[in-house]
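Enquirer: Compute the structure for the input listed below.
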Amino acid sequence: MTTPTERSWLVLADGYLTGRNAKTAHGVIRYGHGDIAAVLDRDNAGASLRTVLPELGRDAPIVSSVQEGLAYGPTSLLLGVATAGGWMPEHWRTWINEAVESGLEIANGLHGFLKEDPDLVKLARANKVNLWDVREPPADIPLFSGRSLDIPKRTVLTVGSDCAVGKMSVSLELAAAGSANGFSTEFVATGQTGILIAGRGIAVDRVISDFVAGAAERLVCETHPSSDVLLVEGQGSLWNPAFSGVTLGLLHGSAPHALVLCHEAGRTTTDEPPFVPLPRLTDMIAVYEAMASTVRDARVACIALNCRGLSDRERKRTLNEVEEQTGLIADDVFAGGASRLWDAVAAALPERRAIRHGSR
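Expert: Numbering: from 1, shown residues only. Purely as a prediction, here's the structure:
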């Protein structure tokens, strides 16, 4: 298997490229370490990625077929969507078979595993191609034991008002900001897109529910020995009942010293049925801090506000309003960078030492 830096991606996002379900494609394009050879999306074929999605900061041709994409020298085909329920669009199978026959590794972040398709497995073996089911968890995940309370590293967890509000991006931006300020930071991936970017991690939404906290604990305990501050990628939300179990397991298992609340400006309900009304940010803060206190007292250090769709004037006004309402630093990492948020996080962290339950 090639490493994250050696891969050259043909990103399959047909019919999804400009929507929220393409968050895997967007994340790998924005933060991934490999090359983006081309993007497959018939809706925008012939255009350039920089023209269609300039905010991602990278360019690549957009093509209409695997054969067209092969001309740009990819090593791997990325299934770049996160669909409802995590299942692959059926019409993609022809493209996947074509990519396998052309010798491309297939990276799949969906819940439906490629390795469970015997015909595809046979085809991959015949072509000596790797099928990477990114969400496949290790077989030996333990129950939560509390050992994450005794490591000398400081842990920061991003939590959210809902899904798809920027938790992974904020974690990555904070890791970069901390590193720029002289800290030894490490991004801890807990979802398929984060794993594709980092090259390691556990997709906790594929772990049996009893072991989610244990998976989170294992991740923070098995980070690089030189890492000082761990930026753990949050998942879901306590206000989204479809995914709240994963959120709580991460909150307890990672035993964070500080939290960063991520929210999309203007979002008043969850983005999916049953469209649960979202409480005030101050109430969210109180609930997350109360839930975290089961294993360790942790405070929300700052607010990461996703201001997509707002003008500069609206963004500044909204950030000021959030700061007044919560008394915390608020910023949009996509517009203002993460330096102010990092300063707030660093101020909330304890000295580097093992800190057990009840300490701050």
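
Enquirer: Show me which positions of stretch 307-317 end up buried.
Expert: 307, 310, 315 (16 or more other CB atoms under 10 Å). From N, CA and C alone the C-beta is placed, and that goes for glycine too.

Enquirer: now that stretch, how far from the centre of its chain.
Expert: 23 Å (CA atoms, centre = their mean, to the nearest Å).

Enquirer: Stretch 303-323 too?
Expert: 22 Å.

Enquirer: for the buried residues of stretch 307-317, which one is nearest residue 240?
Expert: Looking at the buried residues of stretch 307-317 and their distance to residue 240, the nearest is residue 307, at 20.6 Å (CB to CB).

Enquirer: Now do the contacts for the closest one.
Expert: 265, 314, 315, 318, 319, 332, 334, 335 (CB atoms under 8 Å, 6 or more residues apart in numbering).

Enquirer: and what of residue 278?
Expert: 161, 162, 239, 267, 268, 269, 270, 284.

Enquirer: try 7 Å this time
Expert: Applying CB atoms under 7 Å, 6 or more residues apart in numbering to residue 278 gives the contacts 161, 162, 239, 267, 268, 269, 270.

Enquirer: what's the answer for residue 82, then?
Expert: 21, 23, 24, 109.

Enquirer: How many residues are close by the second one?
Expert: As a burial measure, residue 23 scores 22 neighbours (other CB atoms under 10 Å).

Enquirer: about what we covered before: which of the contacts of residue 307 count as buried?
Expert: Judged by 16+ other CB under 10 Å, buried ones among the contacts of residue 307: 265, 315, 318, 319, 332, 334, 335.

Enquirer: bridging residues for the residue found closest to residue 288 once you drop the neighbours it is linked to in the chain?
Expert: Nearest residue to residue 288, sequence neighbours excluded (CB to CB, 6 or more residues apart in numbering): residue 159, at 5.2 Å. Beta bridges link residue 159 to residue 261 when assigned by DSSP bridges.

Enquirer: how far away is residue 159 from residue 254?
Expert: As judged by CB to CB, to the nearest Å, residue 159 and residue 254 stand 10 Å apart.

Enquirer: Could you do residue 60 as well?
Expert: Residue 60 is 34 Å from residue 254, by CB to CB.

Enquirer: Name the residue in the two with the higher neighbour count.
Expert: Comparing residue 60 with residue 254 by other CB under 10 Å, the one with more neighbours is residue 254, at 30 against 20.

Enquirer: List the residues that contact the more buried one.
Expert: Counting by CB under 7 Å, 6+ apart, residue 254 has contacts 148, 155, 157, 216, 220, 232.

Enquirer: try residue 169
Expert: Contacts of residue 169 (CB under 7 Å, 6+ apart): residue 333.

Enquirer: before we move on, what about the one 10 residues further on?
Expert: For residue 179, the contacting residues are residue 185, by CB under 7 Å, 6+ apart.

Enquirer: Could you say which helix or strand holds it?
Expert: helix 167-180 (DSSP states H and E).

Enquirer: Past that helix, which element shows up next along the chain?
Expert: strand 185-188.
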